[in-house]
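Peer 1: No letters, just coordinates:
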């Protein structure tokens, strides 16, 4: 199949947006698993919390703010009967808010930033709550606990309409409606900026004394404790930071789709992130991003040629993709366990700078 130039541009744009969003998601996983060594098998929970922050909290705030315009146009008050709103009036109501954002870019941007901040706060708070079990459970039990916690959040929120319209899913206002046909290209720039900021912060964090302490705790926790490292403080800090970033990634994903349904956040989303991290390289931020890019490029190629694949191997393309990525992960673990770009020593100050500081002291 040969793509036209405009089709190729759209494919590159959509793939790049997903790479940027999942790049933030996998970078946050790398901080927990790569630097600190936590068995984070419930990572999708924080994508879901980002979705709840946008579809369940920020959207309700918008409904409250623009209730007069909605009531004047549709003659309803969405917040007075969420069941009816979710099942009947979502699209008409959100269209009214989108028309307001189309005329007032400032209001749309404020709504977007508010939702992202709410997602970061919600993710960070749950990350701190998860720190309690992380301090008390062994690695295997902690992994199971996090996996079950993520499923509990998904199931409870799916069957609770007050959270994010439950099984109906929540339609989300589009804060970039004012950009018209350039909306998707502009959103690519937005998510790329978020990715760049996340990468710079985590890279500096990883090469700081804090990051070196995390690796020491990961490799020899008892030795790190003997040398006076506060294990509790480091674990709480990592979980709060990584969970907040996971929430931001979830919010950006929801704004990309302008829709959220909690059944989107199944456990396989956690293991996709692990697959990307293993392929790219655990403990290396550049490697994590390379793994994300490789995953989505292969995923798009397999999706484009799925009919040809079906004729050759007579396997459902979805399952064939799982088979291919499973084989890739096995080969990586067998022949290059460090990933495409392996972990590198943390950067420290140059020798002459250290000598100058010693002389000054």
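Peer 2: Looks like it arrived, so ask away. Note that this is a predicted model, so its numbers are computed, not measured.
Peer 1: Name the nearest residue to residue 211, sequence neighbours excluded.
Peer 2: residue 205 (5.4 Å; Cβ to Cβ, 6 or more residues apart in numbering). For every residue, glycine as well, the C-beta is placed using N, CA and C.
Peer 1: Give the other helices and strands that the one helix or strand residue 198 maps to contacts.
Peer 2: Assessed by DSSP states H and E, residue 198 sits inside helix 183-206. Packing contacts for helix 183-206, counted by 3 or more Cβ pairs under 8 Å, 6 or more residues apart in numbering; DSSP states H and E, involve helix 5-29, helix 231-257, helix 285-304.
Peer 1: Kindly recompute the last result at 6 Å.
Peer 2: The contact analysis (3 or more Cβ pairs under 6 Å, 6 or more residues apart in numbering; DSSP states H and E) places helix 183-206 against helix 5-29.
Peer 1: Give me the contact list for the very next helix or strand once past the helix it packs on.
Peer 2: Toward the C-terminus, helix 5-29 is succeeded by helix 44-52 as the next helix or strand (DSSP H and E). With contacts defined as Cβ atoms under 6 Å, 6 or more residues apart in numbering, helix 44-52 is touched by 119, 122-123, 126, 150, 153-154, 163-164, 243, 246-247, 250-251, 254, 260, 265, 269-270.
Peer 1: quick one, helix 44-52 and helix 231-257 angle?
Peer 2: With axes from the mean of the first three to the mean of the last three Cα atoms, to 10 degrees as the basis, helix 44-52 and helix 231-257 are set at 50 degrees to each other.
Peer 1: What are the buried residues along helix 44-52?
Peer 2: Residues 44, 45, 46, 47, 48, 49, 50, 51, 52 are the ones in helix 44-52 that count as buried (16 or more other Cβ atoms under 10 Å).
Peer 1: Go through whatever helix or strand comes next after that helix and flag the buried ones.
Peer 2: Heading C-terminal from helix 44-52, the first helix or strand you meet, by DSSP H and E, is helix 59-65. Going by neighbour count (16+ other Cβ under 10 Å), the buried part of helix 59-65 is 59, 60, 62, 63.
Peer 1: now, which of those residues sits nearest residue 168?
Peer 2: When the buried residues of helix 59-65 are compared for distance to residue 168 (Cβ to Cβ), residue 59 wins out at 12.9 Å.
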